[in-house]
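Asker: quick check, what structure comes out for this input:
(2 chains)
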Amino acid sequence: MRRIIYHFFILAGLLSMISCARRPANAEPLSEDAPIFPDYKEVTIPVNIAPLNFSLLEKDKGILVAGDKVFRSRRGVFRFSPRKWRKMISKSGDNGSINLEIFVRRDGKWLSYKPFNIHISQDKIDPWFSYRLIPPGYQGWQDMGIYQRNLESYSEKAILTNDLTGGNCMNCHTYMNGDPSKMVFHARATFGGTMVVNEGEVEKLNTKTDSTISALVYPYWHPSGDYVAFSVNKTFQSFHNHDANRIEVYDEASDVVVYNVKTHQIAWSPLTKAEDRFETFPTFSPDGKWLYFCSAEAVTPMPDKYQEARYGLYRIAFNAEDMSFGDSLELVYDAPAEGFSVSFPRISPDGRLLCFTRHGYGNFSIWHKDSDLWIADLKDGSVRPMEGVNSDDVDSFHTWSSDGKWLVFSSRRDDGLYTKPYFTHVDADGNATKPFLLPQKDPKSYYKRLMRSYNLPAFTTGKVNVGKRKLIDVLRNSPGTDVQVKQ
Amino acid sequence: MNRFALAYREQQQLFMFDKTYLWGTLLKVGGLATLLARFIVQFFWNPTAAIIITLALLGLSAYMTWAYVRDSRKDWGLIPLCLIPSIIIGASLSDNSLHFEYLTSILLVQGALLIYKNIKSRKVIGGIALSVILYLTAGSAALLFAVCTLFAGLGKDIKTAGINLLTVAAYGVLAFFSAGVPTWTAAFTPAQYYDIDSTLPAFHWAGWIALPVVVLASRLAVKFRLKPWASTLFGLALLALSFIPATKFDKKMAENQPRLGYIFEYYTINEDWDGLVKACEKAPWLPRTANYLNMALAWKGELADKLLKYDQRGADGLVMTTKDRAVDVAQAHIMFAMGNVAAAQDVAFNTLISLQGYCPSMMKINAQVELMRGSYEVADKYLSLLEKAPHYRGWAKEQRKFLYDDAAIEADPLLGNGRRNLEAENHFIMYTNPMTELFPILDANPTDRRTLEYGLCYLLLAKDLNSVKHFILDYYSSPDSPELPRIAQEAMVFYSEYSRNMEGVEPFGLDWCYEHGVKQETVTRFEEYKKAAVAGATALRRFRGTYWYYLVHTQI
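Answerer: Numbering: from 1, shown residues only, chains lettered A, B, ... in the order given. This next block holds a predicted model:
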């Protein structure tokens, strides 16, 4: 037995000597940045994020020196075990960095790319985030689902996939301040209805009323959990023959209403349901006293004048005591006056920063290449683009983490079509760091074979635990509760 | 079994040698049966191979049934009885909404039955293990295993078989509550192998219950010492009694038999335009058939020349658009042939994701259009996926040379032409009429012969002679224009003659016709046509195939 153990250790030692890489000596430095995917150079990451594996975008075999550890690329990928990753992060110290240097062997000699850093923020990110995976298509939705991903690992779970519900469309999943026990989403077509998940209870709503132009659409929870603001939209989609934006999604009419979770009633103000305006994308302020939304002068006929619809950012007072609205609108940001349009206003949990998407026209920014993230400081009223975050392609739908330190958003910067989630750290003044792509075990292969877009990324403070079976049964079998209009 | 219907199954999936795809499929309830089915179906691009492989598998199924029910190696008489399930399953496979895993799951069940039969000791544990493994790998067909062991027992081993049944039931319940399957019917019936939430035609139950019925019949035959032919009759009688309503192809199943569509798609995917013309010749007046026929003529460069050789019945014969354009492979192919590549991509993308995976021909169109657009990262994504499928690897690798090479794309006849078509003034596609979209495309790329002929033929078939005249002025009047097709010459000669007497039409004479490509020979023939028209139907016969005949004698 001793002999076996002895030989085992000898063999293990030999194997470790073979597999361990060393920092190449006398490497010739290159003036180029390391060609890696995802581009994690100089990004800021939360201390609790999963290992940021990445690929070297060239055929040469590479060696990576990260801090005091040395890694060899395997099939072009530098992989970090969770244990080694945690060690590297813990060694970087408070708000420290991991220094990385990549070496490649070419024509018999070692070359080294410009070293770079991955900066570590001690601000932890919410451990879960959820999203819809859907083909970036044009009308079909045969293969879609709402998923959640643990950001501290690579674990992904389906909350609900449409192969279980007749291949229907499901959209607009939204949580109350990242609370995984309060969720709302819609199912369309087969087994349609709005699903409200509230502390383990699942309810299906039939939300079309005679007084509203459509079923409820874009939602946002009131911080009390008693209300959800929704838009109602008459939305259409057209496909461009030859335009970088490919698809145009436009409203022919839209309004904003508020739904009372307890009474199943909806109410609105004449100012959120004006005949001559399009109102959409409602958002409550963190104190629940204001309802923000985007509003544009109504444009007809559509789609002929789709480029003339420009939305500004407005707010109206909301009284949660009696579900009533203020009697005047406040203009928060007059984007049309600057020749632009805004969508998806989202306010940081401390109430100071309002992040929105700005683009040339219309409201469906995910198809607009010029969509960028902007930030409004509600304290001093200043508005500015999020420097260092935006790309030449679409940068759009975003949500704040529960502590307001992180922002996740959708971007098409990599291939122009398939949306991927990027994360950025935002400080109290709204300054953001270079965003990083959602880590994967083998990101290059994963994202290359992925035929679906990450849609509506949303942080949650924990795992969404509502049972799939429960959701399926309610969707399939419940007749649903009819939403009433508050008189 | 229709070999083209079987072959079309290959277009309903894209089997890929890809770790994520393989594991993703395998880890679902019934995943192994699905994976086996998809692996096999990838070879169905050849219709003959499709039928040979399917028949071989059905033969294997029959053999395994016999191997299970026989008591000795000489029980040859049971073979006819054992063929019954395979024959019924074979008939069921004509319905392409019934997935091929219907067959592979039954094969897995039969394999498990043979293993079970040979377990001599600890049969309870073996039965439970097989039931569990079967449910995970084959899905609801595991119920067949349990029922077969119950019938095979017939007095002996009844407890073990009962445990198998309970195990399968327990796993079905588990699959239901863990949302591995959407409904109770999917957990325990062949509905699991049918298109999501579609109503399962009753006929498919016959193949499902045939296996346990055959097991029961063979056991009863042994018990009552029946002759083999008697046991076969007995088995058939049992099936008939239990499934009288299912012995006919019910309406739903008949609706799933677009046999002609499968044939047309086969020739289209393989770009066998002569084959497609031949297949369409039998009923060219049906709009969808005419769509395929005219597309084949267009790819052959003969659309305008041979259009009226066939019985055309209006402009719908060029492209029949449906209200819901979400899933329509034919329309994607036709739009692509027309040169309306943006519309082709819109339809092809929606059609790309079939219920069982990606449709390869739609993936190819998407890859080609992305190359035309210069969206190389997206094109690379599609090509990478196609490279993981053995049958498409060569094609995908061949396309790689175009990635990031604008000059190569512009020099390529297909991709370069498509790129020039995309330069048309921007508009929303398929917003009004797909044909009106051809005009800006022609303005951008007047050299696209297919688009040119589609546009001209559309107006001719619509009998819109004034627009034909303007079309000729716009697109056939430059020195570089191709020769004016005969049917367009005929249309203009006719219009010239009658324009003199028509209200609201600016009259024009033969001089205009001659200036715009009409030949003297056409004018001469028109004189003969007029005489024949006066003489009567017999004299007119030789003018069939002319535009004059179509104009006067075809109701649209």
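
Asker: C-alpha only now, for contacts and for neighbours.
Answerer: Will do.

Asker: got the residue ranges for the helices in chain A?
Answerer: A:2-19, A:82-91, A:443-449, A:468-477 (DSSP state H).

Asker: worst average pLDDT in those helices?
Answerer: When the helices of chain A are compared on mean pLDDT, helix A:2-19 scores lowest, with a mean of 52.

Asker: tell me who's in contact with A:Val202.
Answerer: Neighbouring residues of A:Val202 by Cα atoms under 8 Å, 6 or more residues apart in numbering or on different chains: A:Met195, A:Val196, A:Lys470, A:Leu471, A:Val474.

Asker: distance of the residue of the stretch 251-400 of chain A found nearest chain B from A:Glu248?
Answerer: Closest to chain B within the stretch 251-400 of chain A is A:Pro303: 8.9 Å, counting by Cα to the nearest Cα. According to Cα to Cα, to the nearest Å, A:Pro303 stands 9 Å off from A:Glu248.

Asker: more neighbours, these two?
Answerer: A:Glu248 (23 against 19; other Cα atoms under 10 Å in any protein chain shown).

Asker: how many neighbours does the residue lying closest to the more buried one once chain neighbours are set aside have?
Answerer: Of all residues not flanking A:Glu248 in the chain, A:Ser238 sits nearest, at 5.2 Å (Cα to Cα, 6 or more residues apart in numbering or on different chains). Neighbour count for A:Ser238, taken as other Cα under 10 Å: 19.

Asker: one more: B:Arg225?
Answerer: By the other Cα under 10 Å criterion, the neighbourhood of B:Arg225 contains 12 residues.

Asker: check what pLDDT it gets.
Answerer: 74.

Asker: tell me the secondary structure for it?
Answerer: Classification of B:Arg225 using DSSP: H, G, I helix; E, B strand; the rest coil returns coil.

Asker: just send the contacts of A:Val202 back as JSON lines, with neighbour count and distance to chain B too.
Answerer: As requested, the contacts of A:Val202 are exported to JSON lines (neighbours: other Cα atoms under 10 Å in any protein chain shown; distance: Cα to the nearest Cα, whole Å):
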{"residue": "A:Met195", "neighbour count": "22", "distance to chain B": "18"}
{"residue": "A:Val196", "neighbour count": "22", "distance to chain B": "19"}
{"residue": "A:Lys470", "neighbour count": "17", "distance to chain B": "9"}
{"residue": "A:Leu471", "neighbour count": "23", "distance to chain B": "10"}
{"residue": "A:Val474", "neighbour count": "18", "distance to chain B": "12"}
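
Asker: related to what we said a few turns ago, contacting residues around the residue of the stretch 251-400 of chain A closest to chain B?
Answerer: A:Tyr250 are the contacts of A:Pro303 under Cα under 8 Å, 6+ apart.

Asker: next one: B:Asp405
Answerer: For B:Asp405, the contact set (Cα under 8 Å, 6+ apart) is empty.

Asker: wait, what's in contact with the spatially closest residue to B:Ala343 that is not a sequence neighbour?
Answerer: Nearest non-adjacent residue to B:Ala343, counting by Cα to Cα, 6+ apart: B:Ile429, 5.8 Å away. Each residue near B:Ile429 by Cα under 8 Å, 6+ apart is listed here: A:Ser238, A:Phe239, A:His240, A:Asn241, B:Ala342, B:Ala343, B:Glu437.

Asker: with distance to A:Cys294 and pLDDT added, can I get those residues in CSV?
Answerer: What follows is the contacts of B:Ile429, written out as CSV (distance: Cα to Cα, whole Å; pLDDT from 0 to 100):
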residue, distance to A:Cys294, pLDDT
A:Ser238, 22, 88
A:Phe239, 24, 88
A:His240, 25, 89
A:Asn241, 29, 84
B:Ala342, 32, 91
B:Ala343, 32, 90
B:Glu437, 34, 85
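
Asker: which of the residues you listed lies closest to B:Met335?
Answerer: In terms of Cα to Cα, no member of these lies closer to B:Met335 than B:Ala343, at 6.3 Å.

Asker: pretty sure the closest one is touching B:Met430, no?
Answerer: Yes - shown here, B:Ala343 and B:Met430 form a contact pair, counting by Cα atoms under 8 Å, at 6.7 Å.

Asker: so what touches stretch A:156-163?
Answerer: A:142-150, A:168-170, A:464, A:466-468, A:471, B:182, B:196.

Asker: remind me which residues of the chain are low pLDDT?
Answerer: No chain in the question, so chain A it is. A:1-20, A:95, A:138-141 (pLDDT under 70).

Asker: I was after chain B.
Answerer: Checking chain B against pLDDT under 70 turns up B:72-74, B:154-157, B:228, B:238-258, B:322-327, B:354-356, B:431, B:434.

Asker: pull the longest helix from it.
Answerer: helix B:47-69.

Asker: I'd like to know which elements that one is packed against.
Answerer: Helices and strands touching helix B:47-69, by 3 or more Cα pairs under 8 Å, 6 or more residues apart in numbering or on different chains; DSSP states H and E, are helix B:3-8, helix B:79-92, helix B:101-118, helix B:203-223.

Asker: near chain A, which residues of the stretch 351-500 of chain B?
Answerer: Along the stretch 351-500 of chain B, the residues adjacent to chain A under the rule Cα under 8 Å from any Cα of the partner chain are B:351, B:353-355, B:375, B:377-378, B:381, B:384-385, B:422-429, B:431.

Asker: any of these buried? List them.
Answerer: B:351, B:353-355, B:375, B:377-378, B:381, B:384-385, B:422-424, B:427-429 (16 or more other Cα atoms under 10 Å in any protein chain shown).

Asker: which of those residues fall within helices?
Answerer: B:Thr351, B:Glu377, B:Val378, B:Lys381, B:Ser384, B:Leu385, B:Leu422.
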